[in-house]
Each structure stands twice: as structure tokens, then as C-alpha cells.
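K.L.:
Give me a model of this one.
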Amino acid sequence: MILASHKLATQHGALASTGILSLKPGSTNTVPGFVQFSLDIRAPENETVDKTEAACKSAFSALAAGQDVLDIQSGCTPSSRQCTVDWRTDFVSPASHFHDDCISCVQAAGQDLCGSGSGEAEAGEMRGRDIGSWGKLMTSGAGHDSVYANKHCPTSMVFVPCRDGVSHNPSEYSTPEQCADGANVLLGAVVRYDRLRGERGRESGP
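P.N.:
Below you'll find the predicted structure:
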């Protein structure tokens, strides 16, 4: 079922993660009679999450009934035993869409920091010194404070690269230079956004 969730999420352009597994009786040479696992489905659009969840529910029921789904059972030892599936939704976190102006200001600040020399250059055209993942548009599924700030004011986010891609972990580490890059991108974005607001204020008149 976990493998099916990964395949179905990929088909729908989503992500599926399982981080918690509880098995009983928990003996080395005993097939568990009870398994409970978490399933975290994330996508930029709520509709994508809903479709992926529906597909997972259907696939899980079929697998529990002994049917083959997505060729997952291929090459496995057949069994006449079946099981049942219970599904419980712990919480639903609606997708957040950050402000286009804020995103553009962050992109322009990052492009200038990379040495492209133009805030209008495409992210893929960045040149100059290598600063890791700057210029890469990212979809974050984490519940950052910005998700809630976004409900009240224009918001976007700046991510700093972590060593080996590990974050939210005691071994997380970003170099002082990477942190400085992040701070400079943030500063540049704020200045650009402030300038943008001023220009639009003058255009609208008193």
C-alpha cells in the first residue's frame, strides 16, 4: 500500500510520505496481524490532494482484497489471506498560494545576487557564482508561519540550502555564506517590493 501511494502520487503530480509505522505483534518471524501507518499527501493544489487520496483509498481496498494494483503484486508469493483497511483523516491543510509580486521580488533579488545582472532574467539563466538552489522555485508542504501571514498580507518565502539536503534535523547545517546569501536575497526582495508599492502609489494618484 505504501508503494502504491508513491506511484499514485507520482501519477497525479503529488507527493506521498509515510513516516510512522506500527506493527503487531512485532516478532521477527511473524507476519503482522495489525499494521498502522501514516500517509502524508501534499500538492500545490487542493484538488490534486483530493484526487490522490481517492486513488489511494481505492487502491488500498483492492490490495486488501488480494487484487493486484499497479503491478505491485508481480513476482510476490501468492496468498489466500486477506485483510481490511480503515482510513482516518487526522487533519487537512489547504494549499497556500503566495503573492505573485513577492515571488517576483525574491526571484529578481536572487538573480541579481547570482550575477545575472538583470532582474528580468529567467531563473534557469542565472550565471555567476554557484549559490546552490537559489533561483529554484520550490513548493513547500511544511506549516511555516508564512502560511498564516499569507492570509493577512502579501507573503513569500526564501529558502537557504542545507548540507546534503537535510533539514528539520539536528544535523541540519547551512554555511555562514549561504545564510548571508539568504539574508541578502531577503533584503533585496523587501527593497524591491517597497519600490514597487511606491511606483504603484504614484501611478494611482491621490
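K.L.:
how about the helices in this structure?
P.N.:
2-12, 46-64, 100-114, 145-149, 176-204 (DSSP state H).
K.L.:
need the ones you listed in CSV with distance to Pro32 and mean neighbour count, can you?
P.N.:
Where C-beta positions appear, they are placed from N, C-alpha and C, glycine not excepted. What follows is the helices of the chain, written out as CSV (distance: least, CB to CB, whole Å; neighbours: other CB atoms under 10 Å):
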stretch, distance to Pro32, mean neighbour count
helix 2-12, 14, 18
helix 46-64, 14, 17
helix 100-114, 46, 20
helix 145-149, 36, 13
helix 176-204, 43, 14
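K.L.:
Of the ones you listed, which is nearest Val166?
P.N.:
For Val166, the closest of the helices of the chain is helix 176-204, at 13.6 Å, according to CB to CB.
K.L.:
Which elements pack onto the closest one?
P.N.:
helix 100-114 (3 or more CB pairs under 8 Å, 6 or more residues apart in numbering; DSSP states H and E).
K.L.:
now the helix it packs on: mean pLDDT?
P.N.:
Averaging pLDDT along helix 100-114 yields 89.
K.L.:
follow-up on the earlier one: of the helices of the chain, which is nearest Phe37?
P.N.:
Closest among the helices of the chain, using CB to CB: helix 2-12, at 6.6 Å.
K.L.:
Setting the sequence-adjacent residues aside, check what's closest to Tyr193.
P.N.:
Cys105 (4.6 Å; CB to CB, 6 or more residues apart in numbering).
K.L.:
I'd say that neighbour and Leu187 touch.
P.N.:
No. Taking contacts as CB atoms under 8 Å, Cys105 lies outside contact range of Leu187: 10.9 Å.
K.L.:
Can you pull the domain assignment for this protein?
P.N.:
Residue ranges for the domains of the chain, per the TED database: 1-93, 100-204.
K.L.:
Compare those domains and say which comes out lowest on pLDDT.
P.N.:
Minimum mean pLDDT among the domains of the chain: domain 100-204, a mean of 79.
K.L.:
give me the number of residues near Thr155?
P.N.:
Here the number of neighbours of Thr155 (other CB atoms under 10 Å) works out to 18.
K.L.:
ok, it - contacts?
P.N.:
By CB atoms under 8 Å, 6 or more residues apart in numbering, the contact set of Thr155 is 98-99, 102, 146, 149.
K.L.:
can I get the residues you listed in a markdown table with distance to Phe34?
P.N.:
Formatted as a markdown table, the contacts of Thr155 follow (distance: CB to CB, whole Å):
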| residue | distance to Phe34 |
| --- | --- |
| Phe98 | 42 |
| His99 | 46 |
| Cys102 | 47 |
| Ser146 | 39 |
| Ala149 | 42 |
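K.L.:
any idea what sits nearest Lys24, other than its immediate chain neighbours?
P.N.:
Phe34 (4.3 Å).
K.L.:
try Met1
P.N.:
Among residues not flanking Met1 along the chain, Phe60 sits closest, at 5.0 Å (CB to CB, 6+ apart).
K.L.:
List the contacts of that neighbour.
P.N.:
The contact partners of Phe60, by CB under 8 Å, 6+ apart, come to 1, 4, 85, 87.
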